[in-house]
Each structure stands twice: as C-alpha cells, then as structure tokens.
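# generate a structure from the sequence data that follows.
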Amino acid sequence: MTSRKRLTPQESRSSALQAARALLIEAGPQSVTLKAVAGRIGRTHANLLHHFGSASGLQKELARHLAETVCETIKEAVRASRAGLGAPREVVDLAFDAFDKEGAGALASWMILTGNEDALSPIVETIHQLVDDIAPDEPDAIIEVRRLREETLALVLMAMGDALIGSALARSLGLPETAARDRAQLMLERSLEAINQPG
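Below you'll find the predicted structure:
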C-alpha cells in the first residue's frame, strides 16, 4: 500500500488552485467544484472543504489567483511598454486573454449568476492594486493617474464584454473578431502619445 505525499497547507491550496484553473479552462466554470478538484489532485472533498470552506470559497480564491497572476504579467508588460520595450497591443492581449482564454470572464459571470455576491471582489481589488503599483507617485501626476484609472476601467470592461459576447457581436456587426482588441489598442496608443507630448 502506498501513501500519498503529505503536502503543506500552502502546497495543497496551490495544487487545488492549479487544478481548478485547468478545469475552468477545459470545461467551464460550472466544473469548478470541490469534488472535481479533489478528484483531479487525489485529495478528499473534506480536505478541500478545510482549505476553502465551500465551492464558492474555492471559486473566489480561484478568481483571486487568476487576477493576481494576470495582473503581475500585465504590470510587467505596462512597464516594458513605457520603457519602449513592448507594445500596447501586448497589454491589451494579456487583459483580453485573461478574461477569455484563462476563463476569468466566465468564472466571474458564473459566480454572480449562482448568487456569490462578492464574486468580483478579488478581481477588483487586484486590478486596483495593479493601478496603484504602476501609477506615477509624483504630486503633479493627478491627471495621469486619473487617465490610467479610466483606461484600466475601459480595458477591463472591454475585455470582460469581449469574453462574453465579443465574437458573436463583432460577427453580427460585420466587424473582425479582433475589433474590441483593436479599439483598446488604439485607446492605449493615444494615451501614450498624450503622455509623451511635451508641455
């Protein structure tokens, strides 16, 4: 008889979140249950209940995990773009992919529809932290900080909407499927031009 490797609480949570993320991408948000995740990582339902409290607790932690992972990547892309080492399209694609290919849009929608009222809290808090981290902290940068907040709001709303109905809506309007991404890219490019203009 072989015994399972004993994991630390952090390792157990981490492996559960990785499994939950894989299930989310493969089969959609309705598949992210304690039973399914436990089966995927060879743990018991009770073990995951201990770590997350409920299926909605697991989903909320998954939302936080996705947001933190994606925002860290976006932060690096924004810094690279500002330094002239990356393009605004990279930032746009990272944000849109997070809500589409990574499943954050579907997860957030599912959580709201199933009555998890604070479903978006982890995503909203993490995005707010991202904006605070990349915003200039000079006293005379109030306008730039406001612009950054407005653009972050627009980018996230565009990415979320695109993940949910973007392809179908673009097709019905006779636009390419990348239309929302293209618009977001233009928004960021214009913003960079405004910031870089002297005076």
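
# element containing the nearest residue to residue 123 once chain neighbours are set aside?
With C-beta to C-beta, 6 or more residues apart in numbering as the criterion, residue 123 has its nearest non-adjacent residue at 4.5 Å, and that residue is residue 67. For the C-beta atoms, the positions are set from N, CA and C on the backbone; glycine is no exception. Using DSSP states H and E, residue 67 falls within helix 55-82.

# next, the buried residues of that helix.
Neighbour counts over helix 55-82 (16 or more other C-beta atoms under 10 Å) mark 55-56, 58-71, 73-75, 77-78, 81 as buried.

# kindly calculate the angle that the helix or strand of the chain with the lowest mean pLDDT makes with helix 55-82.
Within the chain, no helix or strand scores below helix 121-134, which has a mean of 79 by mean pLDDT, DSSP states H and E. On the basis of axes from the mean of the first three to the mean of the last three C-alpha atoms, to 10 degrees, helix 121-134 is oriented at 20 degrees to helix 55-82.

# so residue 74 is in contact with residue 91, correct?
Yes - with contacts counted by C-beta atoms under 8 Å, residue 74 reaches residue 91, the gap being 6.1 Å.

# against residue 145, how distant is residue 171?
Counting by C-beta to C-beta, to the nearest Å, the gap from residue 171 to residue 145 is 37 Å.

# with residue 72 instead?
Distance from residue 72 to residue 145, by C-beta to C-beta: 20 Å.

# who's more crowded, residue 171 and residue 145?
residue 145 (16 against 12; other C-beta atoms under 10 Å).

# before we move on, which element is that one in?
Assessed by DSSP H and E, residue 145 sits inside helix 142-161.

# by how many degrees do the helix holding residue 67 and helix 142-161 diverge?
130 degrees.

# next SSE downstream of helix 55-82?
Next along from helix 55-82, by DSSP H and E: helix 88-99.
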